[in-house]
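1. fold the following for me, if possible:
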Amino acid sequence: MNLAWFRDFDQTVMASVDKGDEAWLLNGLINVSVNCIDQISYAELLTKTCRTANVMKHAGVQKGDTVVNVCRSGAVSVFTSDEGRRGGRILPLKSTVDTAIQSLDFVRNVCVFKRTHNTVVQMNPQVDVDMEEDMSHHRLYGPAEYFHWGAQGNRPHIGGYLMVTAKYAFDIHDDDIFACDADCGWITGHTYVVYGPLANGITTVLFESTPSYPHHGRYRDLIQRHKVTQFYTAPTAI
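-> Have a look, this model is predicted:
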């Protein structure tokens, strides 16, 4: 297993077949960012990740806060784009977030990435952080910290999630170009769009919008254009 551990695991698996309960890589301590970025020459991704974490730190995020989406700083902010694109439509992501947090008194900042750069999208200087602008003022590097706590209050078992399933389920090789069309917002996207390919040092192709827009040959075009060697999708999508 080609992973760097802060603390090695004591036992590979502990399982009860009768109860249908299992635990993997017991007591191991690992950092996703260290394995996916720090030890691999993905300089641009590392730069953006570090600067994003430093923007959050500058905004007052501290150790012990709750975090969503940023593995390096470990604390919870709301991340969104000004707008999104899906199926030929423009989605008002920022305005949707604005509506959602109106009655919430605990949201200090909303980190906004510019996707469409639509000047009609309103920014609230009291809450919103323009990530492109703010990231340009921050240093590239920050101290590595361990992975954040999971939604259930327990540390996620990320050793196998990080590498093993991607490597062995798909027989990944160094020269592969891997494309998974899953949404990054759920477990398949996390595992096979982001962390799995990066931890194995291979190219991963991101997919935006829907399979049928602007035409039903998007999958074919994506594979041909990017010379994809492995394509992972669902029967329902096909």
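
2. helices along this protein, start to end?
-> Assigned by DSSP state H, the chain shows helices spanning 32-33, 43-58, 93-100, 131-135, 158-159, 165-169, 187-189, 196-199, 218-226.

3. mind checking which of these is nearest D175?
-> helix 196-199 (12.7 Å; Cβ to Cβ). Glycine gets a C-beta too; all of them are placed from N, C-alpha and C.

4. sorry, back to before: out of the helices of the chain, nearest to M123?
-> helix 93-100 (8.1 Å).

5. coming back round to it: can you redo the helices of the chain as JSON lines with mean pLDDT and mean neighbour count?
-> Formatted as JSON lines, these follow (pLDDT from 0 to 100; neighbours: other Cβ atoms under 10 Å):
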{"stretch": "helix 32-33", "mean pLDDT": "76", "mean neighbour count": "22"}
{"stretch": "helix 43-58", "mean pLDDT": "77", "mean neighbour count": "18"}
{"stretch": "helix 93-100", "mean pLDDT": "92", "mean neighbour count": "16"}
{"stretch": "helix 131-135", "mean pLDDT": "81", "mean neighbour count": "16"}
{"stretch": "helix 158-159", "mean pLDDT": "55", "mean neighbour count": "22"}
{"stretch": "helix 165-169", "mean pLDDT": "87", "mean neighbour count": "16"}
{"stretch": "helix 187-189", "mean pLDDT": "79", "mean neighbour count": "14"}
{"stretch": "helix 196-199", "mean pLDDT": "88", "mean neighbour count": "25"}
{"stretch": "helix 218-226", "mean pLDDT": "93", "mean neighbour count": "13"}
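
6. can you list the low-confidence ranges for the chain?
-> Low-confidence segments of the chain, defined by pLDDT under 70: 1, 37-42, 64, 66-77, 138-163.

7. nearest approach to Q122 belongs to which of the helices of the chain?
-> Here helix 93-100 is closest among the helices of the chain (Cβ to Cβ), at 7.8 Å.

8. re earlier: which stretch among the helices of the chain comes nearest T210?
-> helix 218-226 (8.1 Å).

9. now do A4 against A169, distance only.
-> Counting by Cβ to Cβ, to the nearest Å, the separation of A4 from A169 is 22 Å.

10. how about D128?
-> 40 Å.

11. try F178
-> 12 Å.

12. now do V32
-> For V32, the distance to A169 (Cβ to Cβ) stands at 19 Å.
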